[in-house]
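Enquirer: 3D model of this:
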Amino acid sequence: MKNLLSVILLVFLILLSGCNANGEDNESIDLNKVDTIYIHNGSVNVHLTITEDTNLEVYHGNYKLDVKQDISEIILNVKKSWYQFGPRVNLNKKFKIAIPKDFSGKVILEGGSSNITSDKLQATDLDIKTRSGDVTIEYDNFQSNLEVNTVSGNVDISLNNDSPNINLKVNTVSGNQMVAIPLDKINVQKEKRIEGTARDEIDNVHVETTSGNISIK
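Expert: Numbering: from 1, shown residues only. Presented below is the predicted three-dimensional model:
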C-alpha cells in the first residue's frame, strides 16, 4: 500500500511538472545601444511581431534559450528542449519574438528546417536565411530592407504598401514567382528572375530560392 501511494505521488508530481510547462516563459531584453539582433533558431519555427515596449520580448515557452549580449549586438540561440518530465504542453506554440516598434537596427535570422512567419512587421532591416523552411512575412507598411534566402522553401511577402520605394530582385531556380507590386522600371524579366525599381529605390527587397515559389504583393 505504501509503495502504491509513493507511485501515485510520483506520477502526480511528473504530471504537475509537465503542466507547468505552459509555453509562456519569456525574456525581456534591453536594446539600449544595440544595433544588431542575431537569431539562430535551428529547426524551431519563429514568429516575428512588434511591441510598443522599448525592450525586445522573447516568448520561448518549452524551448531552450541562450542569450549573449554585448554593447552593440544581441545573439539569441534557441533549441528544442529534449529533456522534460511530464507531457509536453502547447507543442505547436511558436517561438515568438516581439521587436520594438521603434527599433532601427538590423535583425538577422538564420535557421535550418524551420518556418518563419510574422504579422504587422516594422523591422527596419531584416535578413532571413533558411535551408528548408517556408517564409511568410507580413508588413504593416513596408518602409525597410528585406533579404530572404532559402534552399527548399516557399516565400510569401506582403508589403501592404501601394507605392513602395524599392529596389527589387527576385530569383528562383526551380520554383514559380509572382510579383504583384507596381514597378516603374524593369531591368530583368525572365521566367525565374525579375529585377526592377520603383520610385526612389530607397528600400531593398531581395528574395532568392533554389526550389521554392516566391510571391510578393
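Enquirer: how about the helices in the chain?
Expert: 2-20 (DSSP state H).
Enquirer: Would you mind checking which helix or strand in this structure has the lowest mean pLDDT?
Expert: One helix or strand of the chain scores below all others by mean pLDDT, DSSP states H and E: helix 2-20, with a mean of 49.
Enquirer: Make sure residue 214 is actually in contact with residue 172.
Expert: Yes. The criterion here is Cβ atoms under 8 Å, and residue 214 meets it with residue 172 at 5.4 Å. All C-beta atoms are positioned from the backbone trio N, CA, C, and that covers glycine.
Enquirer: Overlap in contacts, those two.
Expert: Common contacts of residue 214 and residue 172 (Cβ atoms under 8 Å, 6 or more residues apart in numbering): none found.
Enquirer: residues in contact with residue 37?
Expert: 31, 56, 73, 74, 76, 99, 103, 105, 106, 107, 108.
Enquirer: right, I mislabeled it, should have said residue 192
Expert: 171, 172, 173, 175, 177.
Enquirer: again, only this time at 6 Å
Expert: The contact partners of residue 192, by Cβ atoms under 6 Å, 6 or more residues apart in numbering, come to residue 172.
Enquirer: And it, how close does it get to residue 170?
Expert: 9 Å (Cβ to Cβ, to the nearest Å).
Enquirer: before we move on, what about residue 183?
Expert: According to Cβ to Cβ, residue 183 and residue 170 sit 11 Å apart.
Enquirer: So between the two, which is more surrounded?
Expert: Between residue 183 and residue 170, residue 170 has the larger neighbour count (other Cβ atoms under 10 Å), namely 24 against 17.
Enquirer: what sits opposite the more buried one in the beta ladder?
Expert: residue 194, residue 207 (DSSP bridges).
Enquirer: is it true that residue 214 touches residue 207?
Expert: Yes. Using Cβ atoms under 6 Å, residue 214 makes contact with residue 207 at a distance of 5.4 Å.
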